[in-house]
Structure formats: C-alpha cells, structure tokens
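Visitor: 3D model of this:
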Amino acid sequence: MYSEHNAKRARNCKIVATLGPASSRPDQIKALVEAGADVFRLNFSHGSHDDHRQRIHAVRALERELNRPIGLLADLQGPKLRVGVFAKGGADLPAGKLFRLDSDPAPGDANRVCLPHGEVLQALQPGTDLLLDDGKLRLRIRRTGGDWAEAEVIVGGYLSDRKGVNLPGVVIPMSPLTPKDRADLAVALDMGVDWVALSFVQRPEDLIEARGLIGGRAALLAKIEKPAAIACLEELVALADALMVARGDLGVELPLAEVPGQQKRIVRQARRAGKPVVVATQMLDSMVKAPVPTRAEVSDVATAVYDGADALMLSAESASGDYPVESVATMNAIAEQVERDPLYRGIMDAEHASPDATSADAITAAARQVAETIGAAAIVTYTMSGSTALRAARERPKSPILCLTPSLATARRLAIAWGINPVVSPDAVNFADMVMRAVGRARESGLAKLGDSLVVTAGVPFGTPGATNVLRIAKVE
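Guide: Below is the predicted model:
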C-alpha cells in the first residue's frame, strides 16, 4: 500500500540533508523528510561509527514506514593537511617574513613549524603558493630541500596549532583514502549506504582506486573541490556515478570570483553526461543560527536550481544548526518557486544533450518529445540498473519521471537524481503487464489520474538490463 508520503514532490531538484546532533532522533529525521529531504548525508569527518549506525537504522525504519526509497550518502573525510603545533600555541607571521616548514616534530615558533606530510614537502617547488587557515595566510616557496621548504609570507596573520594547508594547482602524490577513510568505507558499506562521496579527488586514478574498494556495493560520487580535479573534469565525469560541487575547499584553492563559473561548468558537464550533480556548501549558512536565510542565500539556491542541478545539499544547517527542519523547508520552497517560473522551463528546454547512437538513448530522447506532444502526465521507465531512468532525467522533461525497478538498491540510488520518482515494483512479464503496472503505479503515486496519458519505456526481452528498446503510449483507465 502506498502512503501519502509517496506522492510526487512539487519539484524536480532533490534535497540532500546532512544528519548530525541536531537531526539524529527518528522524529527529527521524519520531520526532515516531510519538509522535503530526499537523501541523507553521513559526514564521516564527525561522529562515531555507532552514531552513524543509529542514524542509518532510523532512516531505514522510516523508509519502511513511509514506503518511500530514501538515499544514504557516506561522505569520507579524505586527507586533512595541517601544520603541527607551536610552543606558544601560535605565532604572528608578518608579510615579507621568511618562514620554514619542515619534518621536525618539535613545537614551532615564529621562524618554523612542522608540516607532517612528507608527500607535501616533496611536492613543493620554488614559486608554489601555500594557503594556511582556510586561505587567511598565503606563503610562497622560495627554496626547498626535500624534507624542508623555506617560504616568504605574502599575506600575513596569526597562525595557530594544526591549521589547514591548501596547495592550489599542485597535484600531491597521495591517495584520497587515508587509513581512517578505508576503515570508514568498510563500515559504511557494511551498513548498506547507497552512495560514497570521495574527498580530495585530484586525478582519475583516485576514482579507480575507490571504485576497486567499493566493489559495486555502492555508487561513487566525486567531490570536485580542487583545481587539479577541474583540470581533468571530463575524465572524472566519465568515471564517477555522480559529482558534487564542493564549494568549501574549492573556494579556498581558487580565487573566489572563479567559483560561480566553475560551478556552472561542472553542473553543465555532468548534465550532458547524464550524471547526477549536487551543489553543496553554505547554501543557507545563516540558517545555522537564524530562522530565515539572507536574500543572497536565496538567490544562490535559486541559481543552482535554474542551472538544472540534480540536488542541493545542506551541511551544518541540518546537522548541527538551530533550525534544521526550517532549513530543509526553506530550500524546498525556493526550489518549488523556481521550477514554477516560466523562465526555468525555458532554460531547461534550451539545451538537451545529443543522444548517443544507441537504441536506449534514442528511445529516452523520443519519450520526452512524445510526452510533450501529447501532454503526458508522466514518463514511466522500467529499469534494473537505473541507467534508463538517468537517461530520461538527462532530458529534463516537463513530465515527471516514474521509475519502476525491482531493485531497492537502485531505487535508493535514484533518489538523488533530478525528477525521478523511484518505486520498487516487480519487472513486467509482457506488454499487457507492462502497461497495467505503469498505470497502476502512476495512479498510486499521485502522478496520474483517470483519463491521463503516460509514455512508457522498457526493454524487451523483459528483465534484461540495459536493453531499453520499446516506447508505448498508455491511457490511464
């Protein structure tokens, strides 16, 4: 039986909400779903494995209660590059001063500090810039010696213990998976997460390494947060199952004025490839402490929706803020309003990716055109792996997409994708059964009513993955 919670959202863009101290109880998680959350993020930079396990159990129990697939995304911390400690807790570094970074673990002073990352010291070259403490200080390397480097302070300030280090434009010869990440990944996969978000991605080999460890047990999302990743974006898009515009570190390592343009570039490239893309970081940051966002934040969220992003993500707003439910409800309201704007539909229609020379792409491209011509209430896709539904989403159709799949894992993964309403349903056995199931599920899900038309795509022989080759128009009777 399908509950009212299975009704279609009044928007196509999805919402990813991070779980944390402010949103761990079952009643809090349910309130977030009712406010509009489609996918929950588990931030493995914080919290214990037991904390995450309890949150996953609560999400899965809610999923059963609402009979609605909910996605779970495990976000791995990745390497955290930091300086060591100072004898006095920190030091003033005025502009023009020479300052040494080395491998000596002794507490630092106004002249030197430990940089406990041999790979970083080896990667430094004269002329390399280092950003410290989220970019508040800038150093430029003048001399190197293997296990030490001497830098000139370009932008000075106070540097305290264990502040972060960023190296824009430098590919550091280190894996994005630390021992902690490997342990977290094993636990997350055992817990049954649907997506794994990989931090510190610099090159295609990073995704290949992660996919080998995941072994098909979850889908892989690449976080684009380093200039090195942007330099090989096309290869990363091809290798990943989804992407995230991680604007936090990206805004540290790139000039801030470049971030909006790169955001649009990443979103567009992912859309063309039919890969879900998430826009993240500080979207409604003021709502951590305030019940309403700033006007600039509303515009920021709206811009990502107008760009056609698959999903928007809330971090501290839902994890540790004072107004987690209000943050989700606000993001939901903004997305709904944008998608009602005639300008939005014009933007979506202005660019459709050229279909590949395959029957599946030809069918899904045709499905959008047929649905628009006849005013179909929904496009219904039968899929095992989810690829057919993602092809349909790439078209950004006016009609909602109802994805019927016998795989609960596929339904959960598709919860992050634009416009897809995933429903677990046995595969069709013949053409009559295909139409009957499509009509029945469309009515039960609130997507269609008596007299409406549906556009249905499937693969023959039925039950064959990746064989979409049939398009039918069905009448809801």
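Visitor: C-alpha from now on. contacts and neighbour counts both.
Guide: Will do.
Visitor: so where's the stretch 51-200 of the chain uncertain?
Guide: Within the stretch 51-200 of the chain, not a single segment meets pLDDT under 70.
Visitor: would you map the helices across it?
Guide: Remark: helices assigned in the stretch 51-200 of the chain by DSSP state H, counting those that start in this stretch are 118-123, 179-191.
Visitor: can you tell me, leaving aside adjacent residues, what's nearest to P276?
Guide: Excluding the flanking residues, the one nearest P276 by C-alpha to C-alpha, 6 or more residues apart in numbering is A242, at 4.8 Å.
Visitor: could you dump the helices of the stretch 51-200 of the chain to TSV with mean neighbour count and distance to G78?
Guide: Formatted as TSV, those follow (neighbours: other C-alpha atoms under 10 Å; distance: least, C-alpha to C-alpha, whole Å):
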stretch	mean neighbour count	distance to G78
helix 118-123	17	15
helix 179-191	17	6
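Visitor: with distance to L130 added, can I get these in TSV?
Guide: Below are the helices of the stretch 51-200 of the chain laid out as TSV (distance: least, C-alpha to C-alpha, whole Å):
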stretch	distance to L130
helix 118-123	10
helix 179-191	25
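Visitor: tell me which of those approaches P79 most closely.
Guide: Smallest distance to P79 across those (C-alpha to C-alpha): 8.5 Å, for helix 179-191.
Visitor: show me what the residue nearest to P276 is bridged to.
Guide: Using DSSP bridges, the bridge partners assigned to A242 are L221.
Visitor: what's the spacing between it and P21?
Guide: Here the criterion is C-alpha to C-alpha, to the nearest Å. By it, A242 lies 27 Å from P21.
Visitor: okay, the residue nearest to P276 and A273: tell me how far apart.
Guide: 10 Å.
Visitor: repeat for S299
Guide: Taking C-alpha to C-alpha, one finds S299 at 26 Å from A273.
Visitor: tell me which of these two has more neighbours.
Guide: Taking other C-alpha atoms under 10 Å, S299 and A273 do not tie; A273 has more neighbours (18 against 13).
Visitor: quick check: pLDDT value at that one.
Guide: For A273, the pLDDT comes out at 95.
Visitor: touching, it and L239? I think so.
Guide: No: contact between A273 and L239 fails when scored by C-alpha atoms under 8 Å: they sit 10.8 Å apart.
Visitor: ok so, going back, state the distance from the residue nearest to P276 to P107.
Guide: In terms of C-alpha to C-alpha, A242 sits 42 Å off from P107.
Visitor: those two: who's more crowded?
Guide: Shown here are A242 and P107; by other C-alpha under 10 Å, A242 has more neighbours (27 against 16).
Visitor: who are the contact partners of that one?
Guide: Contacts for A242 (C-alpha atoms under 8 Å, 6 or more residues apart in numbering) come out as 220-222, 270, 275-278.
Visitor: check K80 too.
Guide: Contacts for K80 (C-alpha under 8 Å, 6+ apart) come out as G164.
Visitor: who's in contact with D249?
Guide: 225-226.
Visitor: per-residue pLDDT, it?
Guide: 89.
Visitor: ok, A357 next?
Guide: You'll see A357 listed with a pLDDT of 80.
Visitor: make 760 the starting number, not 1.
Guide: Got it, the first residue is 760 from now on, which makes the last one we talked about A1116.
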